[in-house]
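# Need a 3D model of the sequence below.
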Amino acid sequence: MNAMSPNAVLEQVEARQALQQLNARFSRAMDRMDRCLMVSLWCDDGEIDWGSHKGSAKPFVIAATTADEALERSFHSVSNEYFEVDGTHAIGEVSVIIVSTLVEEGAKIDRLIGGRYLDRYRQEDGHWKIAKRTFVHDWNMNLPSSANYEEGMFALFLKGKRDKTDPSYQLLGA
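Below is the predicted model:
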């Protein structure tokens, strides 16, 4: 077994932490429809395979950050992040759960989707970015919405928004 130098170990740890942050920012960009943030996450020649979006990531970025009247809420949560780093390139598998509320024919539907991102990453100008992302759909559930946002104790909570009026921008900025 080859022992890694302390500097090589530190570089691996730093790269993995940067990749975890990259995926957290991707979730934030999706949930807040933050186009500037989303653009910053991709290599210039980034590609995606996301069902109807295959090829250049640029059309996906526009679609993912454009308001959709049928999509009321969304929440992306990433976990089980596995990365293999080789210098300025990396590959990874990241589990994701997407929870959203959709309005279909006047009825609200809660959709849960479980899947994985199979990724290729690369450093550009010293920053880790997504070079290629493939979404693998593993499972989903669709249920009539039972969410209660305006009654009882739920009326007291601050509400999230799918844009830059979300309260997180007051704390974190653009």
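# okay, CA-based contacts and neighbour counts for the rest of this
Will do.
# what are the phi and psi angles of Gln123?
phi -80, psi 130 (degrees, to the nearest 10).
# in terms of contact, does it touch His89 like I think?
Yes: counting by C-alpha atoms under 8 Å, Gln123 touches His89, with 6.6 Å between them.
# what sits up against the lowest-mean-pLDDT helix or strand in the chain?
Scoring the helices and strands of the chain by mean pLDDT, DSSP states H and E places helix 168-172 at the bottom, with a mean of 87. With C-alpha atoms under 8 Å, 6 or more residues apart in numbering as the contact definition, helix 168-172 has no outside contacts at all.
# how distant is it from the center of its chain?
Put simply, helix 168-172 sits 18 Å off its chain's centre (C-alpha atoms, centre = their mean, to the nearest Å).
# And for stretch 53-64?
With C-alpha atoms, centre = their mean as the basis, the mean position of stretch 53-64 lies at 14 Å from the chain mean.
# cool, stretch 135-152 as well?
In terms of C-alpha atoms, centre = their mean, the gap separating the centre of stretch 135-152 from the centre of its chain is 18 Å.
# got it, and stretch 20-27?
On C-alpha atoms, centre = their mean, the centre of stretch 20-27 falls 6 Å from the chain's centre.
# Same question for stretch 27-36.
Going by C-alpha atoms, centre = their mean, the spacing between the C-alpha centre of stretch 27-36 and its chain's C-alpha centre is 8 Å.
# Which SSE is immediately downstream of the longest helix along the chain?
Across the chain, the helix with the greatest residue count (assigned by DSSP state H) is helix 6-32. Following the chain from helix 6-32 toward its C-terminal end, the next helix or strand by DSSP states H and E is helix 35-40.
# got a list of contacts for that following helix?
For helix 35-40, contacts defined as C-alpha under 8 Å, 6+ apart pick out 25-26, 29-30, 61-62, 65, 129.
# Please point out which parts of that helix sit buried.
Using 16 or more other C-alpha atoms under 10 Å as the burial criterion, the residues of helix 35-40 that qualify are 35, 37-40.
# Following element in sequence after that helix, please.
Going down the chain from helix 35-40, the next helix or strand is strand 42-50, by DSSP H and E.
# re the thing from before, among the buried residues of helix 35-40, find me the one that's closest to Gly51.
Using C-alpha to C-alpha, Met38 is the member of these that lies nearest Gly51, at 18.4 Å.
# where in this protein is pLDDT low?
Counting by pLDDT under 70, the chain shows low-confidence ranges at 1-2.
# give me that answer again for 80
By pLDDT under 80, the low-scoring segments of the chain are 1-2, 148-156, 158, 174.
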